[in-house]
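Novice: got a predicted structure plus its sequence, pasted below:
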Amino acid sequence: MTIINKHILLQSIKDGLRKNIISADEVRGLLTQEAVVASPILAPSKTFSISGVLYYIGAGIAFIGVTIFVGQHWETLSSMSRILLTLGTGLALFASAVFLEAGKKLDRVPDALHFLAGLLIPGGIFVTLNELGFHGGNFGPGIIFCALAMLYAVAYRMYRHNLLLAFAVIYGTISFGLLTDSFSSQVTMNAGDYISYRIIAVATSYLFLGYAFRESSRQVLSGVLYFFGGLGVLASAMALQGWSPDQSAFWEVAYPGLVFGALFLATHLRSKSLLFLGAAFCAGDIFKLTDEYFRDNFSWPLALIFAGFVLIGVGYLTVYLNKKYLKKNVS
């Protein structure tokens with residue numbers, strides 16, 4: 001590399017940091033990976049990860065302490081004190097984390113403060129609504145959680161921390177659940193089916209988000225989103241099948257397609273979690289159908305034998321796909 005090219009590269013990195021296109025953590029993470037390859041004895045990334053875990057454990061313990069303190073003194077606290085100790089503390093921690101981020105101070109400490117704030121703010125919202133005498137259903141809280149999701153999305157856009165993005169997804173999910181539940185009285189379908197369709201909608205969005213994050217610094221979230229997305233779709237679709245004599249013919253016919261679709265996606269996305277879920281729900285569906293349609297006649301043992309060989313085939317297919325396509329992937 002020539003001196004001119006080196007200068008252009010360094011200037012590009014500097015411009016990216018200044019415009020928040022990339023974060024200092026991403027640059028440090030790249031340097032840490034190179035250092036591990038060059039000197040595995042020192043392994044600085046391991047120390048870094050341990051310190052990060054300790055930050056989160058400390059934040060979790062602090063959250064438990066705040067919860068116990070408020071619980072012990074709940075009856076003696078005024079309404080304003082309850083709001084300040086829950087929602088006020090969460091917002092103050094969020095503001096402190098943003099301040100430390102802006103000043104580039106105390107590396108990784110802002111993450112711990114964001115984590116603690118993210119745990120306190122949801123409970124603080126419900127405490128505030130309860131103390132203000134709000135009993136208007138789930139629509140109002142749903143709007144508030146939608147605003148929180150957008151706030152954390154903006155914070156992620158500014159500071160590029162995956163924890164902020166994770167809370168944005170969590171708050172967005174809560175908002176969707178509350179808002180759609182507020183319209184449940186106007187829905188004519190069965191309440192259980194309505195819940196299943198809502199879960200499928202959220203789980204499908206998780207799969208799309210995981211796909212969008214797969215080749216970026218957000219890749220660490222892809223595996224989690226693939227798992228919960230696949231679990232939500234397959235479990236809810238199985239619930240929609242129902243049980244004889246009230247089964248849904250559409251979902252019983254469509255479900256094998258969903259299962260093999262999950263196995264196909266597992267190879268395309270290189271996701272072990274989707275591969276595991278596809279195999280597990282394939283086995284579950286086979287047992288459900290054999291028990292539902294063959295339990296009360298003489299062909300049930302034959303159906304079980306057939307199901308056993310099918311599961312052996314599915315197991316072999318799972319091992320084959322894992323070795324051929326997913327061996328180097330951990331998502």
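Specialist: Nice, I can see it.
Novice: distance of F276 from L93?
Specialist: To L93, F276 is 37 Å away according to C-beta to C-beta, to the nearest Å. Using the backbone N, CA and C atoms, a C-beta is placed for each residue, glycine as well.
Novice: tell me which of the two has more neighbours.
Specialist: L93 (23 against 17; other C-beta atoms under 10 Å).
Novice: show me what counts as buried in the helix or strand where the more buried one lies.
Specialist: Element membership for L93 (DSSP states H and E) is helix 89-103. In terms of neighbour count (16 or more other C-beta atoms under 10 Å), helix 89-103 has its buried residues at 89-90, 93-94, 96-98, 100-101.
Novice: then stretch 265-278?
Specialist: For stretch 265-278, burial by neighbour count (16+ other C-beta under 10 Å) applies to 265-266, 269-278.
Novice: and that stretch, what's its mean pLDDT?
Specialist: Per-residue pLDDT values over stretch 265-278 give a mean of 84.
Novice: off-centre distance for that stretch?
Specialist: Distance of stretch 265-278 from its chain centroid, counting by C-alpha atoms, centre = their mean, to the nearest Å, is 16 Å.
Novice: ends of that stretch, how far apart?
Specialist: 10 Å (C-alpha to C-alpha, to the nearest Å).
Novice: hey, where'd the helices end up in the stretch 51-200 of the chain?
Specialist: Counting by DSSP state H, counting those that start in this stretch, the segments of the stretch 51-200 of the chain that form helices are 79-83, 89-103, 109-131, 139-159, 162-182, 191-212.
Novice: closest one to A237 among those?
Specialist: The closest of the helices of the stretch 51-200 of the chain to A237 is helix 191-212. By C-beta to C-beta, the value is 6.8 Å.
Novice: what angle sits between the next helix or strand after the closest one and helix 191-212?
Specialist: Using DSSP H and E, the helix or strand that follows helix 191-212 in sequence is helix 219-241. With axes from the mean of the first three to the mean of the last three C-alpha atoms, to 10 degrees defining the directions, helix 219-241 sits at 150 degrees from helix 191-212.
Novice: which secondary structure elements does helix 219-241 sit against?
Specialist: helix 162-182, helix 191-212, helix 249-269, helix 272-294 (3 or more C-beta pairs under 8 Å, 6 or more residues apart in numbering; DSSP states H and E).
Novice: redo the buried residues of helix 89-103 as a markdown table? Include pLDDT and distance to T180.
Specialist: What follows is the buried residues of helix 89-103, written out as a markdown table (pLDDT from 0 to 100; distance: C-beta to C-beta, whole Å):
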| residue | pLDDT | distance to T180 |
| --- | --- | --- |
| T89 | 88 | 30 |
| G90 | 88 | 25 |
| L93 | 87 | 30 |
| F94 | 87 | 27 |
| S96 | 85 | 34 |
| A97 | 83 | 31 |
| V98 | 80 | 31 |
| L100 | 78 | 36 |
| E101 | 72 | 33 |
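Novice: in JSON lines, list those along with distance to D285.
Specialist: Shown next, in JSON lines, are the buried residues of helix 89-103 (distance: C-beta to C-beta, whole Å):
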{"residue": "T89", "distance to D285": "47"}
{"residue": "G90", "distance to D285": "43"}
{"residue": "L93", "distance to D285": "45"}
{"residue": "F94", "distance to D285": "44"}
{"residue": "S96", "distance to D285": "50"}
{"residue": "A97", "distance to D285": "45"}
{"residue": "V98", "distance to D285": "48"}
{"residue": "L100", "distance to D285": "50"}
{"residue": "E101", "distance to D285": "47"}
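Novice: out of those residues, which is nearest to L302?
Specialist: The closest of the buried residues of helix 89-103, once distances to L302 are taken by C-beta to C-beta, is G90, at 59.9 Å.
Novice: the closest one reaches T128, doesn't it?
Specialist: No - using C-beta atoms under 8 Å, G90 makes no contact with T128, being 10.5 Å away.
Novice: so F176 touches I199, yeah?
Specialist: No - F176 lies out of contact with I199 (C-beta under 8 Å); the separation is 10.2 Å.
Novice: what residues are up against L93?
Specialist: Residues counted as contacts of L93 (C-beta atoms under 8 Å, 6 or more residues apart in numbering) are 113-114, 116-117, 120.
Novice: from these, which is closest to F69?
Specialist: For those, with F69 as the reference and C-beta to C-beta as the criterion, the closest is L120, at 12.1 Å.
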